[in-house]
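Q: Sequence and predicted structure are below.
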Amino acid sequence: GAPPRRDSRMRARPLLMPALLLAACLSAGCLPAATLAPSPRIHAVGQVQGRAASSPLSGQVVTIEGVVTAVRVQGHAVLQGAPDRDPATSDALFLVGADGLRAGLRIRATGTVTELPMGRESRLTGLQVQDWRPLGDAALPQPVRLQAPPAHGWEALEGMRVQVDAPLATAGTRDFAGHG
C-alpha cells in the first residue's frame, strides 16, 4: 500500500508553540539575554573602609556583600563573610536606610559610601543604602578576641564584633544603647 498521507497542518504545529512563547515574551517586555544588566562589581568591605579614618571611596556608589551582625536604631552593622586579612582595615560596615534586616542574614547591598557624624568630631564609615537583597542565612562570625588595644588602632575594628578578654572600664555610657 501507499504510505499514509501527512496533513500539512501537522508540520506547522511544532513551530507554533515556540512562536507563541516568543510573541508572549516580547509583548511582556522580555529582553534578550545579551541586553540584561551585568552583575555589579562587589567591593571588599576592607576596600570601602580603607586604612585611614575616612574611606578612600567616600561619595562613590559601591556594592558589598556581608552578614548582618547587629541591628541598631540608626542602622545595621554588616561584616564581610571572609576577612580580607589586612589588619589595618575593618571588615565591617555600617548600613543606613536598609529596613527589614536582621542579624544572621547574608545580603548584597548597593549604596553611597559616606562618613556618618557620630558626635565629638568622630565619624563612622557607612553605606547609605539604595538597594539590598537577601542572599540567605549565615552564622554570625566569631568576634575578634583582644588581650590588649589593637596594634593598628581601634579604627581597624570599626563596626566589627570584638571581645575584649582583659579587664576594662567604660566611660560616657549615655549613648551606649544606641551605638553599642
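A: Ah, there it is. Residues are numbered from 1 along each chain as shown.

Q: Wait, T114 touches L124, no?
A: No. Checked against Cβ atoms under 8 Å, the pair T114 and L124 is beyond contact range at 9.2 Å. For every residue, glycine as well, the C-beta is placed using N, CA and C.

Q: If you rank every helix and strand of this protein by mean pLDDT, what lands last?
A: None of the helices or strands of the chain scores lower by mean pLDDT, DSSP states H and E than helix 8-27, at a mean of 54.

Q: any weak-confidence spans in the chain?
A: By pLDDT under 70, the weakly predicted segments of the chain are 1-37, 172-180.

Q: again, only using 80
A: 1-39, 73, 81-84, 118-122, 168-180 (pLDDT under 80).

Q: contacting residues for S54?
A: Counting by Cβ atoms under 8 Å, 6 or more residues apart in numbering, S54 makes contact with E115, R123, T125.

Q: Going by distance to G66, which of these wins?
A: Nearest to G66 out of the contacts of S54 is T125 (Cβ to Cβ; 13.6 Å).

Q: Now do the SS call for the closest one.
A: Using DSSP: H, G, I helix; E, B strand; the rest coil, the three-state assignment for T125 comes out as strand.

Q: And L140, how far from P134?
A: 16 Å (Cβ to Cβ, to the nearest Å).
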